[in-house]
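# 3D model of this:
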Amino acid sequence: MAKSKPAAKPQLKLSMAKAMPERVRLVELASVDADGDPYVVRCEAFDSIEAAKVMRRLSGATPKMGPKDDVAGVDSDKLPMVLEVARQLIERGTALAGPAGAFVRPAFWFDENVPRHDLSVDGRCLPATDVFVLGSVIAGLCGYGEGAALGGFRSSK
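Reported below is the predicted structural model:
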């Protein structure tokens with residue numbers, strides 16, 4: 001019986017120089033604005049080196065939950081650290097619509113000393129679930145899987 005030859009690998013073809021698609025996602029929060037409308041936030045990927053610096057704080061995490069899960073499954077001892085990382089991601093990777101079509105970046109701020117748009121919203125009043133959802137989506141857009149490191153701290157109890 002003759003052995004069959006392995007299938008030939010397809011020959012690669014050099015790509016044409018084109019812009020890459022934006023890595024963005026709109027997320028509706030449980031939190032509402034002054035008019036009672038839920039916030040819809042533009043989550044964006046940002047510089048990979050900057051993302052790695054933020055995510056480094058959560059070393060060893062693995063993707064275990066998506067953005068629709070809540071923080072109830074996160075190990076309570078690690079919750080403050082997870083939320084702090086999520087806040088840093090939010091300050092780097094969110095936007096709201098502003099006047100004349102311009103973006104307001106970041107959508108939410110947590111540190112009064114970090115430069116921000118005048119219309120950015122004080123994020124210190126956001127519930128932990130909204131912070132967690134936004135952080136999870138941004139982590140995914142930055143290449144860490146949907147909710148990667150943030151969801152990696154589920155309680156084993």
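
# need the strands for this protein, in chain order.
Counting by DSSP state E, one finds strands in the chain at the ranges 24-32, 38-44, 94-97, 103-104, 108-109, 121-122.

# Neighbouring strands - and their directions - for the third one?
Think strand 94-97. Sheet neighbours of strand 94-97, with direction, are listed as strand 38-44 (antiparallel), strand 103-104 (antiparallel) (DSSP bridges).

# chain center to it, what's the gap?
Relative to its chain's centre, strand 94-97 lies at 13 Å (CA atoms, centre = their mean, to the nearest Å).

# What are the buried residues along it?
Across strand 94-97, burial judged by 16 or more other CB atoms under 10 Å covers 94-96. From N, CA and C alone the C-beta is placed, and that goes for glycine too.

# Can you redo the strands of the chain as a markdown table, where the extra columns are mean pLDDT and distance to L79?
Output for the strands of the chain, formatted as a markdown table (pLDDT from 0 to 100; distance: least, CB to CB, whole Å):
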| stretch | mean pLDDT | distance to L79 |
| --- | --- | --- |
| strand 24-32 | 97 | 18 |
| strand 38-44 | 98 | 21 |
| strand 94-97 | 98 | 21 |
| strand 103-104 | 96 | 28 |
| strand 108-109 | 98 | 18 |
| strand 121-122 | 97 | 21 |
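
# Of those strands, which stretch is the most buried?
Ranked by mean neighbour count, those are led by strand 108-109 with a mean of 23 (mean count of other CB atoms under 10 Å).
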